[in-house]
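Participant: below is the sequence, then the predicted model.
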Amino acid sequence: METRELRYFVAVAEELHFGRAAERLGIAQPPLSRAIGLLERRLGATLLERTSRAVTLTDAGSVLLREARAALDAVAAAERRTRRAALAATGHPGVVLATKAGASGELLAKLLDAYAAEPDAVTVDLLLCGIGEQEHMLRDGRADVALLHLPFDSTAGLDTEELLTENQVLVLPAGHPLTTRPHVRMADVTDLPGLPLPRWPRPDGTYPDGPGPQARDHAQLHQLIALGRACWVAPESCRTQLREDLATVPVLDAPPVTTVIAWPPHSRSRAVAGLVRAATAL
């Protein structure tokens, strides 16, 4: 299969509409339909069920969508990393570090200071991203290294080193009755009237169903909590970045969160190695 065919298929599978997919790709609809039909014949599988009213994915189509996304990410990653390697060879080295905005602030500052003290340190470009985005940025080549958080992010296929494990706290509006307790449990959190947990976006940008408000970033979430519209269970290090109108209480049975530094296993970058070395020495 060619990358062009995979891009065509992913567009149709995500839009579930040939017209919108063709517009997204900047091509006419007839050649797009022919290309998908040719792909199906070559694979010997029906990928899309078409009716006059709808287009839906078959089981085989769902498998190809998952694999095609991964393949296209790998191609994009190879291109980006090759370009950065070429820049390094011409005297413009650098390393791109992706991290969730508002997370691991103290750890990140110590890491950057420690790496800057290395004799062969290069420029570190920070990618401050939304919830869960740093893993995708690492896998598709936009970042060379990332700070990930277990159990929320996946580290499958990546090399990692553990940096910090911490317990979690419940973030509430200041003055809420629960803030007078020495601790709470997750059952207390799920039973909170009028303060549901937020819903974070999935990798494809959609939100899971649920009563909680949609949240895109920490600043938005802090405002929702202060207004009495949500609560939040977060690593205890978040305390250093909270507003005065928010308060926390430990959650005894919330799973601990481990921050890891992650990088592609095939990386041969001396800058990435130096950054990892500085991180594990903290």
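Facilitator: Looks like it came in fine. Values in this document were obtained by computation on a predicted structure and should not be read as measured data.
Participant: what strand or helix carries the closest residue to residue 219 other than its chain neighbours?
Facilitator: Among residues not flanking residue 219 along the chain, residue 102 sits closest, at 7.6 Å (CB to CB, 6 or more residues apart in numbering). To be clear about C-beta, it is placed using only N, CA and C from the backbone, and glycine gets the same treatment. Here residue 102 is covered by no helix or strand, with elements defined by DSSP states H and E.
Participant: for residue 102, give me its contacts.
Facilitator: Counting by CB atoms under 8 Å, 6 or more residues apart in numbering, residue 102 makes contact with 217, 218, 219, 238, 241.
Participant: just the residues you listed: which are in helices?
Facilitator: 218, 219 (DSSP state H).
Participant: need the contacts of residue 102 in TSV with neighbour count and distance to residue 79, can you?
Facilitator: Output for the contacts of residue 102, formatted as TSV (neighbours: other CB atoms under 10 Å; distance: CB to CB, whole Å):
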residue	neighbour count	distance to residue 79
217	15	29
218	19	32
219	11	33
238	22	36
241	14	36
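Participant: kindly indicate which of the contacts of residue 102 lies nearest residue 118.
Facilitator: residue 241 (27.1 Å; CB to CB).
Participant: quick check: that closest one vs residue 66, distance?
Facilitator: 36 Å (CB to CB, to the nearest Å).
Participant: repeat that for residue 222.
Facilitator: Distance from residue 222 to residue 66, by CB to CB: 35 Å.
Participant: those two - which one has more neighbours?
Facilitator: Shown here are residue 222 and residue 66; by other CB atoms under 10 Å, residue 222 has more neighbours (21 against 11).
Participant: which residue packs closest to the more buried one, ignoring adjacent ones?
Facilitator: The shortest distance from residue 222 to any non-neighbouring residue, by CB to CB, 6+ apart, is to residue 243 (5.7 Å).
Participant: what number of residues lie near the one you found?
Facilitator: Residues near residue 243, counting by other CB under 10 Å, number 12.
Participant: I'd like to know how far it sits from residue 9.
Facilitator: Residue 243 is 46 Å from residue 9, by CB to CB.
Participant: cool, and residue 197?
Facilitator: 36 Å.
Participant: mind checking which of the two has more residues around it?
Facilitator: residue 9 (23 against 18).
Participant: tell me the SS of the more buried one?
Facilitator: Here residue 9 is recorded as helix under DSSP: H, G, I helix; E, B strand; the rest coil.
Participant: biggest helix in the protein, by residue count?
Facilitator: Max-length helix for the chain by DSSP H is helix 59-89.
Participant: pull out the buried positions in stretch 274-282.
Facilitator: Buried residues in stretch 274-282, counted by 16 or more other CB atoms under 10 Å: 274, 275, 276, 278, 279.
Participant: try stretch 147-163
Facilitator: 147, 148, 149, 150, 153, 155, 158, 159, 160, 163.
Participant: and stretch 10-18, by the same measure?
Facilitator: 10, 11, 12, 13, 15, 18.
Participant: okay if I get these as a markdown table plus distance to residue 230 and pLDDT?
Facilitator: A markdown table is the format used below for the buried residues of stretch 10-18 (distance: CB to CB, whole Å; pLDDT from 0 to 100):
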| residue | distance to residue 230 | pLDDT |
| --- | --- | --- |
| 10 | 34 | 93 |
| 11 | 35 | 93 |
| 12 | 37 | 94 |
| 13 | 33 | 93 |
| 15 | 32 | 92 |
| 18 | 40 | 93 |
